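# fold the following and give me the result.
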Amino acid sequence: MLGPLAALVLLAAAPAERTVAIVPLGKVNPAILEAVAKAVTAVADVKVQIETPRDLPKEAWYAPRRRFRAEKILDALDADPPPGAWKVLAVTEAEISTTKGEIYDWGIVGLGNIDSRSAVVSSHIFRKWSRTRRELLRRLADSAVHELGHTLGADHCDSKGCVMRDARGKAITSADSSTGRFCPICRARIEAASGKVLKTSE
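Sure thing, here's the model as predicted:
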């Protein structure tokens, strides 16, 4: 039997459970949430919890283009994360955008900042251009892993097939050419920033 001191040492050495909270924003098809959850657990040694849906933040609404600003969505998530969430991955079917270079309002599939807590992905673009539900779900799942990768410490990557490749305005082509996995360079970046969170078979 372990003494009290030895038990405390083991408890301190045990890694805290890492929970990725998937937050539906607005009405989101359950199949989309399940696909995102499955993609996350396929690559990372984390617990995934699908949260109660939330309304899209009113402060994120961009009336001139009738869509939501992704960076303001992230601000709202960071200000009120689900209890116990290590990372927050918001999923929406609404159209989202952000500023890209000199273009103030650029439509995007997702946004996640490096080493941050929160990311967001939208099915809007894929819903418009996917021929089947299976195609839509695969593309969105890939994008969800990409944005989560940013929060884990990975930047955009030039390696062929890496899930962290920059879409460069071609979200469909990028998702279709991705393996959904991290290349060795990105794996090393994530381990340096977030520890051994990726599965060894990833």
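# could you pick out the longest helix of this structure?
The longest helix of the chain (DSSP state H) is helix 133-152.
# which stretches in this structure count as strands?
19-25, 47-50, 61-62, 67-69, 87-92, 96-100, 103-108, 110-112, 118-122 (DSSP state E).
# which other helices and strands contact the longest one?
With contacts defined as 3 or more CB pairs under 8 Å, 6 or more residues apart in numbering; DSSP states H and E, the secondary structure elements packing on strand 19-25 are helix 30-43, strand 47-50, strand 87-92. For every residue, glycine as well, the C-beta is placed using N, CA and C.
# low-confidence regions, the chain specifically.
Along the chain, segments meeting pLDDT under 70 span 1-16, 169, 201-202.
# name the residue closest to the centre of the chain, please.
For the chain, residue 148 is the residue whose C-alpha lies nearest the centre (CA atoms, centre = their mean; 3.3 Å).
# hmm, it is touching residue 18, no?
No: counting by CB atoms under 8 Å, residue 148 does not reach residue 18; the two are 11.6 Å apart.
# returning to that earlier point: and the residue nearest to the centre of the chain, how far from residue 182?
10 Å (CB to CB, to the nearest Å).
# how about residue 166?
Per CB to CB, residue 166 is found 14 Å from residue 182.
# which one's more surrounded, the two?
residue 182 (25 against 12; other CB atoms under 10 Å).
# for that one, which residues are in contact?
Residues in contact with residue 182, defined by CB atoms under 8 Å, 6 or more residues apart in numbering, are 43, 149, 154, 162-164, 190, 198, 202.
# between those, which is closest to residue 140?
Nearest to residue 140, judged by CB to CB, of those is residue 163 at 12.8 Å.
# surely that closest one meets residue 187?
No: the pair residue 163 / residue 187 is not scored as a contact, 10.7 Å apart, by CB under 8 Å.
# which of the two has more residues huddled nearby?
residue 163 (27 against 19).
# rewinding a little: and among the helices and strands packed on strand 19-25, the most buried is which?
strand 87-92 (a mean of 26; mean count of other CB atoms under 10 Å).
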